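Engineer: model this:
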Amino acid sequence: MKVIVGINTYHADSSACILVDGKIIAAVEEERINRKKHFSGYPIKSIRECLSIAKKQDIEITDIAFNTKPSSNLFSKCIFWLNNFSFKRNYLTKRVKKKFYIKKLLFKEFKLNKNIKFHYIEHHLAHIASAFYPSGFKDANGLSIDGSGDFVTLAISECKNNKIKIIEKTNFPNSLGIFYHAMTQFLGFKNYGDEYKIMGLAAYGNPKYFDKIKDNLFKDNDLSFFELNLDYFNHHRNNFKYIADESLIIDTIYNSKLLDLFSIELNNYKNKDLFIKDFASSVQKVYEFFFQKIIKKISLNKFSKNLVFAGGCALNSSANKLITNNKSLFDNVYIPFAPGDNGGAIGAALVVSANYNNEIKNSGSPYLGKEFSNNEVKNILESDDYKDKLDYKLIKDDDELFKSAAKLISEGKVIGWFQGKMEFGPRSLGNRSILADPRNPNMKNIINMKIKRRESFRPFAPSVLEEHQSDWFESNFINPYMSSLSEVKHDKRKLIPAVTHIDGTARLQTVNSVYNSKYTKLIYNFFLLTGVPILLNTSFNENEPIVMKPEESLNCLLRTDMDAVFINNYLVKKI
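Structural biologist: Purely as a prediction, here's the structure:
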């Protein structure tokens, strides 16, 4: 028996997973446990949680796979280091040391078999593996785009016969991911992972600065997909911290030359809000310009009519519509539920498993975290922390549970939905979700202001029954992980205003009973009441990592204006 632990560390969203003979049993992000958003340190608690879920002992682990290979791309690294190295203080060297130190730390924290094998898997190989092996495709073009990993920012591969062969790379410091991150910082969104705010904001503006950004921040280069004009950036300089440490304090990627380039616009305070919207729109279009360039070359390669896509940039659902809604490029597209660095833990483990010729099983389900029994939930509800604050009742019949929840939603209530195993990845997919009525035109503002407490421009996603997708949306792309945008049909937009973005698009989730029976039944019951087979779905949190434990969902209920929470078969309300 092969028990393989996959680990992502010292990239954002530290995580761990366990595969047993090719089957993914568990996967957890460290932030869900320590409650530190995008935590990038060692995922020791995640490993313990995965072992607990899988019911495995430390000694049973046969292999540990890391989604990094510090010895890879040495020639490119050496050239860069020769130009930028400082013996006084070099962050890159410290980071490499920390990646190697984890092997020593694991022996300290766990009772590992002395014959255990360690595998260092190149970062982008792990990304592509996290998409290819779960896709079920016999062959595929593989694509990975992110900020940077093992000194590479883009990788293209040919995937066939259970093997992945990388055929082309773009090296650091040229990076579409870092470009997008820099522009996010420039607009005032300083936290790591804020790029999705630019995607949401882009729909409110016009790309009037497209040429100015592309022509100044990029160089003309016919020999590569893109080349940054590094005069405008800092990330290539010595001691720049991109993923600094567990605190995720990121240095400023852009420099004063970008401020000078847009000094007129920045000093025109009357039009500042319009500038921000137009700049966001322009950034998105510049990214899409180069993304299309990459995709076109891959499609002309004629290796396969399938595409698998991972890496942090695969979370750009706005750009992804260029491949998911265009059958002339590829017949099939697969983007995994965790395309970012968190999913690299799964990808690294899958590479090792494939090398052992294990058949990959059950790797398309994102529901890989901990679940709680009704008895556990009852004990929590009856504890001193909640017994005087909350009212609850047990609904033993599942059908009655779905009817009760659907009715509350149809009456304009906002509910928390805490069911089964926790999702792995950045998005709530119906097990740790806040749900509401998509028909209510005020619902977006209600949730943004009173529950999520976030920017008013940010949209919410619709979860739609898969069999009704084509009735409401222009895309037929099966989208269980909210990977891509789709146009909402014109005659339906006024019916579901809470999940229709200002440009008429929506980042939908297609739902079926194979992956999530309970969530499917809930949406179906709402459909019976309203004639709308859709729910508004957003992550169950409030400016924190998505809830993992019942206590966290109850605390969220108590401190927000949420109306109720369904935890397993318990309906919970505030007293």
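Engineer: find the residue at the geometric middle of this protein.
Structural biologist: Using CA atoms, centre = their mean, the residue of the chain that lies closest to the mean C-alpha position is residue 426, 3.6 Å off.
Engineer: which element is it on?
Structural biologist: Secondary structure here is read from DSSP states H and E; on that basis residue 426 sits in neither a helix nor a strand.
Engineer: right, and it touches residue 343 too?
Structural biologist: No. Here residue 426 does not reach residue 343: they are 9.3 Å apart, not a contact under CB atoms under 8 Å. Glycine gets a C-beta too; all of them are placed from N, C-alpha and C.
Engineer: secondary structure class of residue 407, three-state.
Structural biologist: helix (DSSP: H, G, I helix; E, B strand; the rest coil).
Engineer: check contacts around the closest residue to it other than its chain neighbours.
Structural biologist: Using CB to CB, 6 or more residues apart in numbering and skipping residues adjacent in sequence, the residue nearest residue 407 is residue 529, 6.7 Å away. Taking CB atoms under 8 Å, 6 or more residues apart in numbering, we find residue 529 in contact with 406-407, 410.
Engineer: can you report phi and psi for the residue lying closest to residue 473 once chain neighbours are set aside?
Structural biologist: Excluding the flanking residues, the one nearest residue 473 by CB to CB, 6+ apart is residue 486, at 4.3 Å. Torsion angles at residue 486 (phi, psi; degrees, to the nearest 10) stand at phi -140, psi 150.
Engineer: which segments of the protein make up each domain?
Structural biologist: In terms of domains, the chain is parsed into 3-125+342-355, 374-574 (source: automatic domain parsing).
Engineer: worst average pLDDT in those domains?
Structural biologist: Among these, domain 3-125+342-355 carries the lowest mean pLDDT, a mean of 89.
Engineer: span of that domain from start to end?
Structural biologist: 13 Å (CA to CA, to the nearest Å).
Engineer: can you check stretch 21-32 too?
Structural biologist: Across its full length, stretch 21-32 reaches 26 Å end to end, with CA to CA as the criterion.
Engineer: buried sites along that stretch?
Structural biologist: Within stretch 21-32, the residues that qualify as buried by neighbour count (16 or more other CB atoms under 10 Å) are 22, 24-32.
Engineer: again, but for stretch 380-391
Structural biologist: Under the neighbour-count rule (16+ other CB under 10 Å), stretch 380-391 has 380-381, 386, 390 buried.
Engineer: among these, which lie within strands?
Structural biologist: residue 390 (DSSP state E).
Engineer: same list, the buried residues of stretch 380-391, but as a markdown table with distance to residue 499 please.
Structural biologist: Listed next are these as a markdown table, based on distance: CB to CB, whole Å:
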| residue | distance to residue 499 |
| --- | --- |
| 380 | 32 |
| 381 | 31 |
| 386 | 32 |
| 390 | 29 |
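Engineer: what sits up against stretch 484-495?
Structural biologist: Against stretch 484-495 from outside (CB under 8 Å, 6+ apart): 317-318, 320-321, 323-325, 335, 439, 471-475, 477, 479, 496, 499-500, 504-508, 532.
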